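Here you go, sequence then predicted model.
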Amino acid sequence: MGLLTNLRDSISRVTDGLFAADEPKRIGIYGPPNAGKTTLANRIARDWTGDAVGPESHIPHETRRARRKEGVEIERNGRTVTIDIVDTPGVTTKVDYKEFLDHDMEKDDAVRRSREATEGVAEAMHWLREDVDGVIYVLDSTTDPFTQVNTMLIGIIESQDLPALILANKTDLPGADVQQIANAFPQHETIPLSALEGDNMDEVYTKIAEYFG
């Protein structure tokens, strides 16, 4: 009886491993607020599924809860890579309701948004530590990448030994400087793109398949 039980357990472990290998990898899209994370998530989802992940806005912290798009199949170089996209809230060290007042928002709405954004940061960090298999890190190529948040998040990603693809977004804007992002994180490959315009998405998809396939 013991032999049969051990045999059954061994078969179960093998089959569980086979099924687990076939499960889509959860890829978190991370970065600071307004870097274009949701724009990228929507671009990927629309290109391969026809659906969007969430609303986009020029107002910071439009995404205040993680959104997931499951089963996105990306075909590259004769193979298909299936991933679940997790569009996470922008991570920052402080969310001040006053920044929303500059966008003609009533104080009560601004306070609520700041509270939700703070909760969203905590949720994003939970996903990073517990629930993602890889990271697409999105940075605005028109802004300075040398920030406490970026250094902290890249450090956490590396400590978790997660595969990470860094994207220098918004190359369609004046003042875009991809090289400053490459210089900030030379240990990682940096891919330029405009998620809004769809520029260089072919290379992005090739790298997604390479990193997360």
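Now that the structure is in, tell me what you want to look at.

Give me the below-cutoff pLDDT ranges for this protein.
Where the chain drops to pLDDT under 70, the residues are 1-22, 55-64, 95-98.

Point to the residue nearest the middle of it.
Against the mean C-alpha coordinate of the chain, by Cα atoms, centre = their mean, the closest residue is Ile29 at 0.4 Å.

How about the secondary structure of that residue?
For Ile29, the assignment made with DSSP: H, G, I helix; E, B strand; the rest coil gives strand.

ok, what's across the strand from it?
Partner residues in beta bridges with Ile29, using DSSP bridges, are Asp87, Ile136.

From Ser194, how far off is it?
The gap separating Ile29 from Ser194 is 16 Å, by Cβ to Cβ, to the nearest Å. Just so you know, the C-beta spots here come from the backbone N, C-alpha and C atoms, and that holds for glycine as well.

picking that back up, so the residue nearest to the centre of the chain touches Ile136, yeah?
Yes: the pair Ile29 / Ile136 is scored as a contact, 4.9 Å apart, by Cβ atoms under 8 Å.

okay, and the common contacts of these two?
Leu40 (Cβ atoms under 8 Å, 6 or more residues apart in numbering).

who does the top helix by length along the chain touch, helix- and strand-wise?
Scanning the chain for the helix with the most residues, using DSSP state H, yields helix 107-130. Counting contacts by 3 or more Cβ pairs under 8 Å, 6 or more residues apart in numbering; DSSP states H and E, helix 107-130 packs against strand 25-30, helix 98-101, helix 148-159.

For the protein, which segments count as helices?
So, for the chain - with DSSP H - the helices run 2-22, 37-48, 98-101, 107-130, 148-159, 178-184, 201-212.

Pick the most buried one from the ones you listed.
helix 37-48 (a mean of 22; mean count of other Cβ atoms under 10 Å).

one step back: out of the helices and strands packed on helix 107-130, which is closest to Val204?
Smallest distance to Val204 across those (Cβ to Cβ): 11.7 Å, for strand 25-30.

Buried residues, the closest one. List them.
Arg26, Ile27, Gly28, Ile29, Tyr30 (16 or more other Cβ atoms under 10 Å).
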